[in-house]
Structure formats: C-alpha cells, structure tokens
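S.K.: 3D, please:
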Amino acid sequence: MKVDGRKIDHAKLEELRIAAVKAVQEGATPTEAARAVGVDVRRVFEWLAMYRAGGWHALRSKTATGRPKKLSAQQIKFIYDTVTMKNPLQVKLPFALWTRAQIKTLIYREFGLTLSLPSIGRLLAQLGLTCQRPLFRAYQQNAALVDKWLKDEYPKIQAAAKRNNAEIFFEDESGIRSDFHSGTTWGKKGETPIVRVTGKRFSLNMISAISAKGALHFMVVRGGVNAGVFIEFLKGLMYRRRRPVFLIVDGHPSHRAKMVKEYVESLNGKLRLFFLPPYSPELNPDELVWNHVKNRSIGRKIVHSVGELVKAVKSELRKLQRAPEMVRSFFDHPDTCYAAR
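M.R.: From the prediction side, this is the model:
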C-alpha cells in the first residue's frame, strides 16, 4: 500500500527518504525501493535528485543548502531507464557499451547539460549502477525461439524424461591451444609484464556432457570433431547406462549428420537428441565447464607439449568428475538455472 506523504509526520518521511535512497545505492531498483517504502516510484527519483543536490542532509525534514542540482527527478529517471533498458546504439550513440563518456553525451544531447566524468560516475553510483563486464549475445539469436525453448520446449523435454525415467544431459565441445592464457599478473606501473611461454602452438578438442545431478562424461580429442568422433563420444556416454538419455546439443553439423541419426535410431529410444535454439550458447550449462577448465585452470599453466596439454586437461576434467557439487553449480547461473528444476 502506498503512503500519502501529506498524512505522515516529518520524522517518518525523513526515514522513508533515507531508506529508499540507501536501498537504491545497495542495488535495488527504484521501483523495488518505492514498493518497499510504499511510495510512487516518481517520489524515489525526486529523493534521488535531492540527495544528489545536497547529500544525506538534503533528505532531512528541513532541507539543508547544497550546490544547485542540475538534474531533475524526471531527468534522472530518464537516465536510469535508458542505461538499464536500452543499448546505446538504440539511442544513436556510436558505441554498444554504456561508458561515462557515452552517458555524458546522452545528457548533453537530451538536456543541454554538461557534467564531468567524475560527476557522472557519482550519479551512477547513487543510482545503484556499477561498471560490469557484459555478456555478449549473437545478433543472429532469435529471442522468440529462446522464449519458446524456455517456456515450451524444454518443459516438454523434462516431462518426457520423467515419463521415460530418462536422464537429461547437456553436451558441448570446445578447443584449447597451448598459447591460451587467462588472468592478470602484478608488475611495475607503466611496464607491461612479460610472461615467457612456449613459442610452439598446438591444440586439442574436448567434448563433455553434464547433468543437473552433477554427472560429467568427457572425451579429449587430438584433431577435429566430426560425426564419427561424436558417435564415439556417444558410445562412451551410453556404455553400461541403464536409463535412457535425453541429450541436449547445439546445431553443429556433426550433431545433425546422417550417420549420427542412424546411430541414435539403432539404440531404439535409449538415446534421444534435442537441439538448443540457434546462436544460444548461454542456455547450455556445459559451456561453463569450458570456462572453468580454460580460464580457471589450463589458462594459468604453461605447457610445453601436446602430451602435457592432454594430461593437464584430463586431470582438470577428472577433478570435476569427482566434484559433482561443482558441476551442479553450473546449473545455478541465471541463464542456465531453468535446467536445474
């Protein structure tokens, strides 16, 4: 229920103002903060504008003097909505990421106001916004197909798996090279550190499949992954398996090959393949296996031969096999939690 500010005393109103602004700064959206204190969201933006003009004192019952505010509540709301709901390209800015400079340009273009970059940084912090590494999505991705997968297709797969007492696995492939490195290192300011690594380049491919219960099956391949290699992986996955397997894969040509279809049919329903929407790797929890193996382990080691690379990769994947709780955690990501149910 919303509060009528005219019917509450000054002390209570002061508490509401401070609570709402603090909530936004701690990560709540203005709408959530408004709901929590029982006011209209427009009132929260007014309080944010007051805070920006004079700090916490400006939210007291008797407003303290402060520097004149340049941005109104409506203008702050516009900035918040634009940054959180739109891509810069949608508002005809030249770069696809929101930077302080881009926001500065937006404010000048919309309101004719010039704010310094530090001032914009303070504004964003006051709005509970932080600088984050973005997730990238293929522009070819069809949002309607993704929505259909989440709301219709995958629930049907789950229901069918339950009826057939089948296990659901997600499969994916990835490659790694000897010159792949991840992470940062400390060094003298102004001098880029140099890490000595082998000049030889070699690579291998990895295939794995994981389930929400923490199971992991993998294969390491020296060479490309074609239909024949994929069938070999499937044979290993199905070896001595008593329950049927529903395997979720992407649209890679090796997964759709005629010989793969024939092999699957030869198992008389014990194995079924289902395909993720095109250009949607974020929906596959198995992608996080490769993030773990490459960025948290292999990418921080130096290998001198193909044999060392194979040994390091197999060792890391076996560690994951022995850590089902880690594998289950790959289904906790916001993009993959739909598959944990």
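S.K.: What is the neighbour count of Arg42?
M.R.: Residues contacting Arg42 under the criterion other CB atoms under 10 Å number 12. C-beta coordinates here come from the backbone N, C-alpha and C atoms, glycine included.
S.K.: same question but for Leu283, I mixed them up
M.R.: Count around Leu283 with other CB under 10 Å applied: 20.
S.K.: list the contacts for the nearest residue to it once chain neighbours are set aside?
M.R.: Nearest residue to Leu283 in three dimensions, chain neighbours excluded: Leu276, at 5.6 Å (CB to CB, 6 or more residues apart in numbering). Leu276 is in contact with 149, 248-251, 283-284, counting by CB atoms under 8 Å, 6 or more residues apart in numbering.
S.K.: Can you get me a residue count around Glu232?
M.R.: With other CB under 10 Å as criterion, Glu232 counts 14.
S.K.: Quick check: it touching Met219?
M.R.: Yes - with contact defined as CB atoms under 8 Å, Glu232 reaches Met219; the gap is 7.2 Å.
S.K.: tell me the secondary structure for Ser174?
M.R.: strand (DSSP: H, G, I helix; E, B strand; the rest coil).
S.K.: Ile168 versus that one, what's the distance?
M.R.: The spacing between Ser174 and Ile168, counted by CB to CB, to the nearest Å, is 20 Å.
S.K.: Just the local confidence number for Ile210, please.
M.R.: Ile210 carries a pLDDT value of 98.
S.K.: Count the neighbours of it for me.
M.R.: Neighbour number of Ile210 under other CB under 10 Å is 28.
S.K.: Spit out the contact partners of it.
M.R.: 169-170, 216-217, 285-286, 289, 327, 330.
S.K.: Just those residues: which are in strands?
M.R.: Secondary structure from DSSP state E places 169-170, 216-217 of the contacts of Ile210 in strands.
S.K.: Just the closest of the residues you listed to Leu145, please.
M.R.: Using CB to CB, Phe170 is the member of those that sits closest to Leu145, with 17.3 Å.
S.K.: Now the buried members of the contacts of Leu276.
M.R.: Of the members of these, the ones counted as buried by neighbours, 16 or more other CB atoms under 10 Å, are 149, 248-250, 283-284.
S.K.: Quickly check the residues you listed for the two that are furthest apart.
M.R.: Farthest pair in the buried ones among the contacts of Leu276, by CB to CB: Trp149 and Val249, 13.1 Å.
S.K.: quick revisit: turn the contacts of Leu276 into CSV, columns for secondary structure.
M.R.: Converted to CSV, the contacts of Leu276 look like this (three-state DSSP):
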residue, secondary structure
Trp149, helix
Ile248, strand
Val249, strand
Asp250, coil
Gly251, coil
Leu283, helix
Asn284, coil
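S.K.: Just give the nearest non-adjacent residue to Arg42, would you?
M.R.: Arg42's closest residue in space is Ala73 (CB to CB, 6+ apart), at 6.7 Å.
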